[in-house]
Each structure stands twice: as structure tokens, then as C-alpha cells.
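>>> How does the following fold in three dimensions:
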Amino acid sequence: MGHLDHATFGWLTPVLSYAMACIGAALGLRCTVRALAATGRSRRNWLITAASAIGTGIWTMHFVAMLGFGVSGTEIHYNVPLTILSLIVAMAVVGGGVFAVGYGRDRGSALALGGLTTGLGVASMHYLGMAALRLHGEVSFDPVLVGLSVVIAVVAATAALWAALNIKSPLAVAVASLVMGGAVSSMHYTGMMAVSVRVSESGGALPGATTMQFIFPLAVGLGSYLFLTSAFVALSPTAGEREASVSAQRPVESAAR
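As a prediction, this is how the structure comes out:
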């Protein structure tokens, strides 16, 4: 059995991956709050932004954490198409959950459906990412810990969507995002605890790309997207601020007449 190291760079990758999960969660929650206060095309656009932020944050969290993953006796490469598919799945399934909450008439049913859908999407992203691993050996999983990781994902997703429906203040959203980031990180490392690797001796070259060739640049790019989108959301006026601006302009227009 190969020795697994989940933090080859010490605390750097766990802390950085947690930060990315929190940023994605905070951005997604703020966008969902904006969406619930909007109508028509504006609501749809905010929900799309929320889905992309949460999905990107979760994916980036997973693969930043995987930068610190090592197995003694073998190199690790990643299958590029499967890795990209895991990102698409994360955003698409999270989008389904967010839209269920954003357009659901019965909030209780929408929350249950959205939480289940989003949680399963998070778990699917994680295990698709693990399926993309290429190494000299055989990877196996403890089914009990896999099941526990899926339960954590569903609970975390449901809690995040509940927060989006019920929490409005920026401070409360910040606290909720810290909790959500912790839950997503717990799901990831619970899933990683389920992994065992039986290393086999082989002199052949591994297929796929190394973390520094593919995962690292993509994670940096997606992280930059999260920071830039966060700045855009922070600078965009809320529905209340737009209404206040319109109300302030009306007396001026009346006086001019």
C-alpha cells in the first residue's frame, strides 16, 4: 500500500483551499440574495452568477487541496477531459439547485430539492475529480466514508441554500460562508480519508498532465475569476440602493418641471 500524504506543503493547501471554498460560498450567497430581490432577466443573471461562483469555488477548493496530495512510490497525473468535466458538472448541478430555490414557489420543497441536487453535484464533482487521477497503482475507496462524505455534501448544500433564502445582511452572509467553506472542506477530506492506493511498480510514463502543467494554472485562473466577480458584486448597487436613487431623482425632476 502506498503512503498517502494529504498535505505535502504543510498547512498551505488546506488553508488556501478553505479560503477558496469560503469565497465561492460568500459570492454565491450574495448573488442569490440579489437574485431573490430581482425579477425577470436580472434574476436569471444573478442566479447564473451564483451557480458559477459556488461551482467554481467548490472545484477550486478540491483541486487546490489536491495540489498537496501525494502517494509514496508513484507520480500523480490527471486526465484532462475528466477534470474539465468535473468543473462543468459542479457548475451545472449547482445551477440546478440554485434555480430551484430562485424560482420555486414552495420554499420548503425548493430547499429540499435544491439542497439534494446541489449536494449530489458537489459529491459528483469530487469523485469525478478522483476518477481523473492517473498513477502507478490501483485506487480504492471505503464505501462507509464515501457515503458519509455524500451526506456531508447534501447537508452543507442545504444549509447554504437555507442561508441564501433567510439571511440578508452582509455580516450574516460572511458567517454563513465560513461555515459553508468548513463543511465543503470537511466533505473533501472525509472523501480523501476513504482513499487507499495499492502501488504497483512500473517504468512506463503516466498519461495525462501533472498538477503544475494543468491543475495549478487552471486553479489560479478560476481563483482570479472569483476575486474579480466578488469585486463586481461588491460594487454593483443593490435593489434597495437603486430604488433610493430613483426616489431621490423624482423630486429633482418634479422641481425642474
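>>> Spell out the residue ranges of the helices in the protein.
Using DSSP state H, the helices of the chain run over residues 12-36, 40-66, 80-103, 107-131, 143-166, 170-193, 216-235, 239-256.
>>> Same list (those) but as CSV, adding mean pLDDT and distance to Pro207.
In this view, the C-beta of every residue, glycine as well, is placed from N, C-alpha and C. Output for the helices of the chain, formatted as CSV (pLDDT from 0 to 100; distance: least, CB to CB, whole Å):
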stretch, mean pLDDT, distance to Pro207
helix 12-36, 86, 24
helix 40-66, 86, 17
helix 80-103, 85, 10
helix 107-131, 85, 14
helix 143-166, 86, 25
helix 170-193, 85, 22
helix 216-235, 76, 18
helix 239-256, 52, 50
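>>> what's the closest of the ones you listed to His3?
Evaluated over the helices of the chain, closeness to His3 peaks at helix 170-193, with 13.7 Å, by CB to CB.
>>> residues of that closest one that come out buried?
By neighbour count with 16 or more other CB atoms under 10 Å, helix 170-193 contains the buried residues 173, 176-177, 180-181, 183-193.
>>> picking up where we left off before, between the helices of the chain, which one is closest to Glu201.
Closest to Glu201 of the helices of the chain, according to CB to CB: helix 107-131, at 22.6 Å.
>>> buried set for the closest one?
Neighbour-count burial for helix 107-131 flags 110-111, 113-130 (criterion: 16+ other CB under 10 Å).
>>> so how far is that helix from its chain's centroid?
Remark: helix 107-131 is offset 11 Å from the chain centroid, using CA atoms, centre = their mean, to the nearest Å.
>>> and if you look at stretch 129-146?
21 Å.
>>> Residues in contact with that stretch: which ones?
Applying CB atoms under 8 Å, 6 or more residues apart in numbering, the contact partners of stretch 129-146 are 2, 59, 62-63, 66, 71, 73-80, 82-83, 86, 127, 190-191, 193-202, 204, 206-208.
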